[in-house]
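J.: Sharing a sequence plus its predicted fold:
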Protein chains: 2
Amino acid sequence: MYSRELLKGILKPIILKLLNDHGKMYGYEIVQHVKASSQGKVLIKEGSLYPSLHALTKEGYLETEAVMVGNRTRKYYRLTGKGKEAVAPAVNEVIEFQATLSTLFGKPKTALS
Amino acid sequence: MYSRELLKGILKPIILKLLNDHGKMYGYEIVQHVKASSQGKVLIKEGSLYPSLHALTKEGYLETEAVMVGNRTRKYYRLTGKGKEAVAPAVNEVIEFQATLSTLFGKPKTALS
DNA sequence: CAATAATACATCATAATTCTATGTATTGCA
DNA sequence: TGCAATACATAGAATTATGATGTATTATTG
């Protein structure tokens, strides 16, 4: 698990990309999926995810569909048109940022290299 | 320039690595150096840097040396022993994080790939 | 030579985001 | 039967970078 601050800024891009790749997902599923695909290194807390999903919905990026599974409600999220437009810019920014981190934290140039 | 939240968590690692590579630097120099080496993509604000340098100093990672240049004071920072020990873990965490971003935001696996 | 930009430091209130703690309830398993 | 996992939710706390503002010196340029 990374220091909490490093994760700031990547939660919404993660949500957008996952929904873009999977069509629809529910909250708990997102948490488990990110945990698995990051080899346990990115552990999104439910206290972080649910408010973020609510905010994205309120802002018009996501829409919801409630499904009853037994006696339990499962709330699926999917991208709206606005949400689909937001995927590429969000993902690209993270990818660029990741490349910049590579530059900044790679080995320093020495007189001999 | 990236969305502000993405930069959270990387300021202290940047400072530690720069001082490790350069021996000593002053605040304004750090801002300019990061701007140049990130091709203008990471613009550390003085309102962010100076408080961070003060905090790292207070916590025992850095020590200072005031140098007069003309009539102007320049405050150099260098790593203490404790600071040197903190470099590798901080840098490694960012590098690992960067690798995880690569995994999470790479192209999704499809049935054909 | 006067105005402007750059150098160089500093602080504080604000904003943004995630986490911890807490709560409710159902379902599966040992 | 009790515990873990599933599945949702919220509110206050914590962390960190930024914007705004301030002071002062030095270099540049019209």
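T.: Everything's here; your move.

J.: Residue numbers of chain A in contact with DNA strand C?
T.: A:4, A:7-12, A:43-48, A:51-52, A:69-72 (Cβ under 7 Å from any atom of the strand). Where C-beta positions appear, they are placed from N, C-alpha and C, glycine not excepted.

J.: Pull out the buried residues from these.
T.: When those are checked for burial by 16 or more other Cβ atoms under 10 Å in any protein chain shown, the buried set is A:7, A:9-12, A:44, A:52.

J.: Please list the members of the residues you listed that lie in strands.
T.: Using DSSP state E, the subset of those located in strands is empty.

J.: Quick check: the farthest pair among those?
T.: In those, the most distant members under the criterion Cβ to Cβ are A:9 and A:44, with 13.2 Å between them.

J.: And the pLDDT at residue A:1?
T.: Looking at residue A:1, its pLDDT reads 81.

J.: Next, the contact list for it, please.
T.: In this structure, residue A:1 makes contact with A:40-43, judged by Cβ atoms under 8 Å, 6 or more residues apart in numbering or on different chains.

J.: Near DNA strand D, which residues of chain A? Just list them.
T.: By the rule Cβ under 7 Å from any atom of the strand, the part of chain A lying against DNA strand D is A:3-5, A:26-29, A:32, A:46-47, A:50-51, A:53-54, A:69, A:72-76.

J.: try 6 Å this time
T.: A:5, A:26-28, A:46-47, A:50-51, A:54, A:69, A:72, A:74-75 (Cβ under 6 Å from any atom of the strand).

J.: Nearest to chain B among those residues?
T.: Of all these, the one with the least separation from chain B (Cβ to the nearest Cβ) is residue A:5, at 3.4 Å.

J.: Cross-check the contact I'm expecting between that closest one and residue B:5.
T.: No: Residue A:5 is not in contact with residue B:5 according to Cβ atoms under 8 Å; the separation is 9.2 Å.

J.: Show me where chain A dips below the pLDDT cut-off.
T.: Within chain A, the ranges that satisfy pLDDT under 70 run A:107-113.

J.: Show me where it has its helices.
T.: Assigned by DSSP state H, the helices in chain A fall at A:11-22, A:27-37, A:46-58, A:81-105.

J.: now, of these, which is deepest in the fold?
T.: With neighbours defined as mean count of other Cβ atoms under 10 Å in any protein chain shown, these peak in mean count at helix A:11-22, which reaches a mean of 20.

J.: check whether it contacts chain B.
T.: Yes: under the criterion of Cβ under 8 Å from any Cβ of the partner chain, helix A:11-22 makes contact with chain B via A:13-14, A:17, A:21.

J.: for stretch A:57-66, same thing?
T.: No: between stretch A:57-66 and chain B, judged by Cβ under 8 Å from any Cβ, nothing touches; the nearest distance is 14.8 Å.

J.: Could you pull up the residues touching the residue nearest the centre of chain A?
T.: Within chain A, the residue whose C-alpha comes closest to the C-alpha centroid is residue A:14; the distance, by Cα atoms, centre = their mean, is 1.5 Å. With Cβ under 8 Å, 6+ apart as the criterion, the residues that contact residue A:14 are A:30, A:34, A:42, A:44, B:104.
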